[in-house]
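> The sequence and its predicted three-dimensional model are supplied below.
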Amino acid sequence: MTGPAAAQTLVLEDALRRLRLPAVLANYPKVAQEAAQQGLAYEAFLLAVLDQELAQRDANTQRRRLAAAKFPVIKTLDQYDFSLMPQLNRSLIVELAQGGYILKKENCLLVGEIGTGKTHVATALGVAACRQGYRVRFCTAAGLTNDLLDAQAQHRLVRVEQTLLRHHLLILDEVGFVPFSKLGADLLFSFLSALHEQVSILLTTTVPFAEWTALFGGDQRLTGALLDRLTFHAHVLPFAGGSFRLRQSLKRQHADQRPR
């Protein structure tokens, strides 16, 4: 391409760069050729290239949200084998994946034995929330408590709490996996109380609620107040049965040993 057409192309591509429309820049020649072949109107061509730009921006935004959530591993519900957990309320989980509970500032509490898939389901619900445009943060209970302790020691506790309060959903994994110190329990209680009816909490624990007092240094009053806030307008999902991971591993092993 030479002459005025080439100059026009250079001007167009420079304008698309300055306007920060990379998907339009990458795709407009192909879309323009298809539009000419199909006899599309100018408006239809413009809509086609802008649709691609919007789709690319949406995909970039989703990637940023997923990265900011700090999931240890990306998990989705279609990867979860519900047949290994037949007592689990699948219909409720599918409903929660639509994100309505986040709009209502409701909590989700996933309770059950180690290896039953609680973290998988919690992560999958968090991933779904990210894809719906919500700001999500994943952390373990021990990790969050340590962050709060460090922030208090460095006199930046308020800043850390305000940062977390800007999220729509906080996933708190493995509550009870590691016992809390008295100061850690107090800080976690204070922080979760601040989130009450402001941010949805999705929590996983292997410890029945009746035994939570021991986790929080034997402070019955504090534990009762915390459970009262967490369970208020909450969806409780019991994960009953043996280890999901163990059964899934045995199932794969059996499949591998099957004659071919």
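Ah, there it is. Numbering: from 1, shown residues only.
> list the buried ones in stretch 68-85?
Ala69, Phe71, Lys75, Leu77, Tyr80, Leu84, Met85 (16 or more other Cβ atoms under 10 Å). Using the backbone N, CA and C atoms, a C-beta is placed for each residue, glycine as well.
> cool, stretch 137-155 as well?
Neighbour counts using 16+ other Cβ under 10 Å place 137-142, 144-145, 147-149, 151-152 of stretch 137-155 among the buried residues.
> Give me the residues contacting that stretch.
Here stretch 137-155 makes contact (Cβ atoms under 8 Å, 6 or more residues apart in numbering) with 68-72, 122-123, 126, 157, 159-161, 164, 167, 169-178, 180, 183-185, 187-188, 191.
> Emit the PyMOL select command for whichever of those are buried.
Paste this into PyMOL to select the buried members of these, with burial taken from 16+ other Cβ under 10 Å:
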select buried, resi 69+71+122+123+126+157+160+161+164+167+169+170+171+172+173+174+175+176+180+184+185+187+188+191
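> For Pro208, list the residues it contacts.
Taking Cβ under 8 Å, 6+ apart, one finds Val111 in contact with Pro208.
> that older thread, tell me the two of the buried residues of stretch 137-155 that are most distant?
Phe138 and Gln152 (22.0 Å; Cβ to Cβ).
> What score does Gln98 have for pLDDT?
pLDDT for Gln98: 97.
> hey, where'd the strands end up in this structure?
Secondary structure of the chain, counting by DSSP state E: strands at 107-112, 136-140, 169-175, 200-205, 234-239.
> Next, the angle from the second one to strand 169-175.
Right, strand 136-140. Put simply, strand 136-140 runs at 10 degrees to strand 169-175, going by axes from the mean of the first three to the mean of the last three Cα atoms, to 10 degrees.
> tell me the angle strand 136-140 makes with strand 200-205.
Going by the same axes, to 10 degrees, strand 136-140 makes 20 degrees with strand 200-205.
> Same question for the last one.
In terms of direction (the same axes, to 10 degrees), strand 234-239 departs from strand 200-205 by 30 degrees.
> What is strand 234-239 packed up against?
Contact analysis of strand 234-239 by 3 or more Cβ pairs under 8 Å, 6 or more residues apart in numbering; DSSP states H and E lists helix 90-96, strand 107-112 as its packing neighbours.
> Ok, which of those comes nearest Phe232?
Proximity to Phe232 (Cβ to Cβ) singles out strand 107-112 among the helices and strands packed on strand 234-239, at 7.7 Å.
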